[in-house]
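Trainee: Here you go, sequence then predicted model.
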4 protein chains.
Amino acid sequence: MEKIIIKNYEDAELNSPILISGLPGIGNVGKIAADYFIEKLKMKKIADIFSEYLPPQVFLFNSTVHLVRDSIYYKKTGKKNDLIFLAGDFQGTTQEGQYELSYKIMEFLEKYNISKIYTLGGYSIGKIVETPKVLGAVSDKKLMKPLENAGISFPKGEPSGGIVGSAGLILGLGKEIFSIDGACLMGETSGYFADPKGAKQIIEVLSKILKTKIDLKDIDEKAKQIEEITEKMKEESKNKTTKEDLNYFG
Amino acid sequence: MEKIIIKNYEDAELNSPILISGLPGIGNVGKIAADYFIEKLKMKKIADIFSEYLPPQVFLFNSTVHLVRDSIYYKKTGKKNDLIFLAGDFQGTTQEGQYELSYKIMEFLEKYNISKIYTLGGYSIGKIVETPKVLGAVSDKKLMKPLENAGISFPKGEPSGGIVGSAGLILGLGKEIFSIDGACLMGETSGYFADPKGAKQIIEVLSKILKTKIDLKDIDEKAKQIEEITEKMKEESKNKTTKEDLNYFG
Amino acid sequence: MEKIIIKNYEDAELNSPILISGLPGIGNVGKIAADYFIEKLKMKKIADIFSEYLPPQVFLFNSTVHLVRDSIYYKKTGKKNDLIFLAGDFQGTTQEGQYELSYKIMEFLEKYNISKIYTLGGYSIGKIVETPKVLGAVSDKKLMKPLENAGISFPKGEPSGGIVGSAGLILGLGKEIFSIDGACLMGETSGYFADPKGAKQIIEVLSKILKTKIDLKDIDEKAKQIEEITEKMKEESKNKTTKEDLNYFG
Amino acid sequence: MEKIIIKNYEDAELNSPILISGLPGIGNVGKIAADYFIEKLKMKKIADIFSEYLPPQVFLFNSTVHLVRDSIYYKKTGKKNDLIFLAGDFQGTTQEGQYELSYKIMEFLEKYNISKIYTLGGYSIGKIVETPKVLGAVSDKKLMKPLENAGISFPKGEPSGGIVGSAGLILGLGKEIFSIDGACLMGETSGYFADPKGAKQIIEVLSKILKTKIDLKDIDEKAKQIEEITEKMKEESKNKTTKEDLNYFG
């Protein structure tokens, strides 16, 4: 089989679209944020991506099989830039798979003349914080100023290990091979569990950047639920365990 | 070498055949069931599949080497649907191997115009039960009703992790790439050892679905033997060990 | 690069040669035996095989680099069957590598019309024995009788796991793909260290089978040295340790 | 994508250049030495090498992404031999990657008619020494004499395991496939941390061999800093810990 099979459902006509990528990763921050946009903006699917770089697995929804995949969606905004979103079930599970999937997707999208890329991810800080920040990394210096204005931080030397996985790679290949600039937006997260709170920060910032209003009610709800759970956990841990034990949770 | 080598022994003329796949897996439930059908219905071999996605190994039967393989068999039923069975020594040992083998086999079978797929597998419940159920998953909702009538359960949200390996993949690729519907039949099993009891349930259900009578004496025998062994184990464990220790067996 | 690069030094004219393969493995029994024949019969090299399926490594001989490789040698016997030997530094390090190397070598040798294959290996019995036996496995029943006459044992159901690696694979591919019969000769070995004693048994048996006289003095010497070392070990272990501890050695 | 993508910025005209390779490895000795030459001789970049054999990762320099890569530089010396340096972020992370990258780079450089190869590496001796030696290995005996004259040692049978990774492989492939002779220069290093002291020895020796003057001030500085740190460590360890504990550091 071809190592990556793209089932292309529609050839949309899009105005110099911005690509936003949010695949599963640390705290699932990027995936939660991307999925939220796709749902709230009622985006349409362009393509499904099946690949032997993804696990050999089907999910079950109401006993019906769903072969694992990543998917590409679009939204015509009526403004200067339409939107393309990349979201899905998994990142490539191997080093080769990471490169091949990121490259193939960029190659598939070439016909749309992507004007800019935002990749979404989580930045693990190993503890739960009140208000997670959104950290940024850019592929060109000139992108920093407008992102700072949108509330994104650029702390020196962080993340110190760089960015591993598709959030970094799509940006890196975008810059070196496809000549498209972009930025990575990383929501701070404890990294202990799927973290809508970190995702919410990204949604808000991205909504500003894309000048796209988005109803935050549902993500607020989820974030609150998680907050309550973690509050409970904290109190229980005060009574029963040391701080180290809490860190072990999840 | 080609990564998958199919030695094709015969081009059978088959009436819109149903594909049944039973490769080694949890409790070997699918393999035992498929092998039983192949033996009892005296099926003929269409092809052997050798591959570098299988272990670099030969088995020995009476000191004679048998290069590990999967094999495809058929049975002309004289009815509306002839049968094709996929069985063998191993599933692909890597993620890539899983995809490539499942895809290549489906591609090889395209000339037969497969009308439906049943993949057989085990569903590990971590304990020994009196009468294992057969769980189902379908690639199209409309297949659920007839399977429920045949006694198959569709408990909501199970298996929660979906289906991993060829039983899921053949179904998923069948649906997405080859446009063939099908179902996965999973026999409950402790998963502790090769489990003819879980396999027997599948054989009975499959026999109903395929409207093919099959002599259950030999599988009954094997299931009884295993039952006796596990009964003994249970009693011994009552005397000597805790339940947890029993779970450790195997 | 090509995944396997064969540097072909000479196109020998050979009379329906027999292929003998002895690559590193359990107790290095097969390698020691093959290297001994190559040295004692002053064989000539046909080809070197470099490959990314071998470790990315050079050995040093007198500070001079030797890129790791397998090699093919021949010996014109003046009799009915000339000899081709496969020996070298490593087996393929991955499942894919095992298949690709074995296949490619068989393919390269097709021009020589190999008449029969003997693969040499070790059979780990987990303890040191006085006189190791040589076990056999064949790709065709009719080969058993003459091998039994040469002193080879065919104990039922052993080795129970079949034969893993090139000794099994060359035989299996030889049978299924290249239609060449052959046998695997396995020298019993403790498996604790490179074992010339197990190798010696194979050399003797192979010398009979090939009707080729070979001076056993040097291998006898090495076997004796090892025997003395293991004798010492045994006595020391009697004094100091339990049998289990001895098994741990190596 | 192509598994290795070479972005070629310039086709320099070079006089039978010498290739020097210094990629990350033991104590980063080779990398530190190569990077030092590239900086001090103000070399120009010929090409960047991106590859799925490198980690799927971007580094961040002042919040700007840098897709991980290896790079090729040159220096016109005005003398008999111009210089080509290979340096970068990573070696190939897999066995296949090691071979493919080394081979592809040698293939890319064929147009320059490389006259000789020096690969730089570290040789781990597991302890900190006053004045690390530089050990050598050659792909042709005749290269030993001039290197000994430059102060390089050729201790018999060392390194006993040969040379693993690109420092060995470029030499081995250079000899067997590309017919270019060369040597590996290995700086002794504790291997505990990035070691400019081991690198300094290589820089000095290489400077002699290449008859290229190079300012040693900066590397001296770094080496001294490390020396002071390790001195402190030694004294602290004398007070607090056993020698074994010190070895554990790093």
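Mentor: Ah, there it is.
Trainee: Distance from stretch A:84-98 to the middle of the chain?
Mentor: What separates the centre of stretch A:84-98 from the centre of its chain is 11 Å, taken as C-alpha atoms, centre = their mean, to the nearest Å.
Trainee: what about that stretch and chain D, any contact?
Mentor: Yes. Contact of stretch A:84-98 with chain D is found when judged by C-beta under 8 Å from any C-beta of the partner chain, involving A:92, A:95-96, A:98. The way it works is simple: take the backbone N, C-alpha and C, and place the C-beta from them, glycine included.
Trainee: Please tell me which one of these counts the most neighbours.
Mentor: Using other C-beta atoms under 10 Å in any protein chain shown as the contact criterion, the top neighbour count among the residues of stretch A:84-98 next to chain D goes to A:Gly92, which has 25 neighbours.
Trainee: Validate this expectation: that one resides in a helix.
Mentor: No. With DSSP: H, G, I helix; E, B strand; the rest coil as the criterion, A:Gly92 is located in coil rather than a helix.
Trainee: wait, isn't it in contact with A:Ile170?
Mentor: No. Using C-beta atoms under 8 Å, A:Gly92 makes no contact with A:Ile170, being 11.4 Å away.
Trainee: the helices in chain A, which residues?
Mentor: Assignment of helices within chain A using DSSP state H yields the ranges A:29-40, A:95-108, A:144-149, A:166-176, A:196-209, A:217-240, A:243-248.
Trainee: For A:Lys44, give its distance to chain B.
Mentor: Relative to chain B, A:Lys44 is positioned 19 Å away (criterion: C-beta to the nearest C-beta, to the nearest Å).
Trainee: List the residues that contact that residue.
Mentor: Residues counted as contacts of A:Lys44 (C-beta atoms under 8 Å, 6 or more residues apart in numbering or on different chains) are A:10, A:12, A:73-75.
Trainee: what do you get if the cut-off is 10 Å, keeping everything else the same?
Mentor: A:Lys44 makes contact with A:9-10, A:12, A:38, A:73-76 under the criterion C-beta atoms under 10 Å, 6 or more residues apart in numbering or on different chains.
Trainee: what stretches of chain A score poorly on pLDDT?
Mentor: Residue ranges of chain A with pLDDT under 70: A:237-250.
Trainee: give me every residue that touches A:Ser16.
Mentor: Contact criterion C-beta under 10 Å, 6+ apart gives A:80-82, A:112-116 as the residues in contact with A:Ser16.
Trainee: can I assume A:Gln216 is in contact with A:Tyr36?
Mentor: If you look again at residue A:216, you'll see it is Leu, not Gln. Yes. Under the criterion of C-beta atoms under 10 Å, A:Leu216 is in contact with A:Tyr36, at a separation of 9.0 Å.
Trainee: Spatially nearest residue to A:Ile177, not counting backbone neighbours?
Mentor: Leaving aside its chain neighbours, A:Ile177 sits nearest to D:Ile5 (6.8 Å; criterion: C-beta to C-beta, 6 or more residues apart in numbering or on different chains).
Trainee: My guess is the one you found contacts D:Ile49. True?
Mentor: Yes. With contact defined as C-beta under 10 Å, D:Ile5 counts as touching D:Ile49 (7.3 Å).
Trainee: Find the residues that touch each one of those two.
Mentor: Counting by C-beta under 10 Å, 6+ apart, the common neighbours of D:Ile5 and D:Ile49 are D:69, D:104.
Trainee: the more surrounded of the two?
Mentor: Shown here are D:Ile5 and D:Ile49; by other C-beta under 10 Å, D:Ile49 has more neighbours (22 against 18).
Trainee: Surely A:Val65 touches B:Ser139?
Mentor: Yes. The criterion here is C-beta under 10 Å, and A:Val65 meets it with B:Ser139 at 5.1 Å.
Trainee: the more surrounded of the two?
Mentor: Neighbours were tallied for A:Val65 and for B:Ser139 using other C-beta under 10 Å; the higher tally belongs to A:Val65 (26 against 22).
Trainee: what sits against the more buried one?
Mentor: A:57-59, B:119, B:137-140, B:162-163, B:168-169, B:171-172, B:174-176, B:182-184.
Trainee: from the residues you listed, which are also near chain D?
Mentor: For chain D, no contacts are drawn from those by C-beta under 10 Å from any C-beta of the partner chain.
Trainee: Throw together a PyMOL command that grabs the buried residues out of those.
Mentor: Selecting only the buried entries of these in PyMOL, with 16 or more other C-beta atoms under 10 Å in any protein chain shown as the criterion:
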select buried, (chain A and resi 57+58+59) or (chain B and resi 119+137+138+139+162+163+168+169+171+172+174+175+176+182+183+184)
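Trainee: Looking at A:Leu216 and A:Tyr36, which one has more neighbours?
Mentor: Regarding A:Leu216 and A:Tyr36, a neighbour count based on other C-beta under 10 Å identifies A:Tyr36 as having more, with 24 against 15.
Trainee: Can you give me the distance of that one to A:Ile214?
Mentor: In this view, A:Tyr36 and A:Ile214 are 8 Å apart by C-beta to C-beta, to the nearest Å.
Trainee: circling back: quick one: common contacting residues for A:Gly92 and A:Ile170?
Mentor: Taking C-beta under 10 Å, 6+ apart as the contact rule, A:Gly92 and A:Ile170 both touch A:23, A:98, A:101-102.
Trainee: Just the closest of those to B:Arg69, please.
Mentor: Lowest distance from B:Arg69 to the shared contacts of A:Gly92 and A:Ile170 (C-beta to C-beta) belongs to A:Leu101, with 31.3 Å.
Trainee: now, which of the shared contacts of A:Gly92 and A:Ile170 sits nearest A:Glu148?
Mentor: Distances from the shared contacts of A:Gly92 and A:Ile170 to A:Glu148 were compared by C-beta to C-beta; the smallest belongs to A:Leu23, at 25.5 Å.
Trainee: Okay then, goodbye and thanks.
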